[in-house]
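In: Have a look at this prediction, sequence included:
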There are 2 protein chains.
Amino acid sequence: MARTHKKVRYLPDREDRGLTPASAAQGVEAALKILEGRWKLLILFHLFGGRLKRFSELERAIPAISQKMLIQQLRQLEEDGVVRRIVHHQVPPKVEYGLTDWGQALCPALDSILRWAALKDEIGADPDTTA
Amino acid sequence: MARTHKKVRYLPDREDRGLTPASAAQGVEAALKILEGRWKLLILFHLFGGRLKRFSELERAIPAISQKMLIQQLRQLEEDGVVRRIVHHQVPPKVEYGLTDWGQALCPALDSILRWAALKDEIGADPDTTA
């Protein structure tokens, strides 16, 4: 099996942190649960980079979403500590949505998922069925 | 708002790659779809680090999974190019399961999700509702 790339082996610091396969899998599952929901990832990618958007701007940015659904998804993301709702006390009051610091920190993690997906064509996903 | 930590801002190289919020969200969703399924993450965490396991070893490592379900999850992961089935041509034949190079490359991406989850207590997930 001649390959032009080097084998990528990562020794996980996971084990140093006392995580077993079971607790690591549970941790990832719990984190991914926060991102479940038809529109949450899309909302996040609209807010990454410190962007603040008013409700109406998000509505325009995601035309396929209903108002009710957008409210629901934002509220869930807010409850989970990912999105923050910023109320500017002015007349008339202005409300904007942005990410919490923790929500913003999700950006590199999602980017690493994207990079992984993009890797598929580059490195072997071939099954190597015999040895 | 006095904070002891610095604001974490990541300028995504995503945009350099021509990804819009919609295509980025779709890409992440497609990647996460591969990991869906009650046991897939757990199987992955048992195989990270270049480990090879026989079917019976995986069964013992994950006692709650039925044989039928383990077969199904392994087959799906294999079809998706994450897991490889290694047949050692000996008598009696020996079959082992491991990760493809691409499957192994998922390790740092999942670790970054875990690190993100662990960050919650450290950095602000507080909503900052007024400005």
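Out: Great, that's in hand.
In: List the contacts of the residue nearest to residue A:43 when sequence neighbours are not counted.
Out: If the residues on either side of it in the chain are set aside, residue A:43 comes closest to residue A:73, at 6.0 Å by Cβ to Cβ, 6 or more residues apart in numbering or on different chains. Where C-beta positions appear, they are placed from N, C-alpha and C, glycine not excepted. Taking Cβ atoms under 8 Å, 6 or more residues apart in numbering or on different chains as the definition of contact, the neighbours of residue A:73 are A:37-40, A:43, A:65.
In: Mind telling me what element residue A:28 is part of?
Out: Residue A:28 is located in helix A:21-35, with elements delineated by DSSP states H and E.
In: quick one: the helix or strand that comes right after that helix to helix B:21-35, angle?
Out: Beyond helix A:21-35 on the C-terminal side, the first helix or strand identified by DSSP H and E is helix A:40-47. Orientation of helix A:40-47 against helix B:21-35 (axes from the mean of the first three to the mean of the last three Cα atoms, to 10 degrees) gives an angle of 140 degrees.
In: Quick one: distance of helix A:40-47 to the chain centre.
Out: 8 Å (Cα atoms, centre = their mean, to the nearest Å).
In: what comes up buried for that helix?
Out: Residues of helix A:40-47 classed as buried by neighbour count (16 or more other Cβ atoms under 10 Å in any protein chain shown): A:40-47.
In: Leaving aside the residues adjacent along the chain, what's closest to the residue nearest the centre of chain A?
Out: For chain A, the residue sitting closest to the mean C-alpha position, by Cα atoms, centre = their mean, is residue A:110 at 4.7 Å. With Cβ to Cβ, 6+ apart as the criterion, residue A:110 has its nearest non-adjacent residue at 5.4 Å, and that residue is residue B:28.
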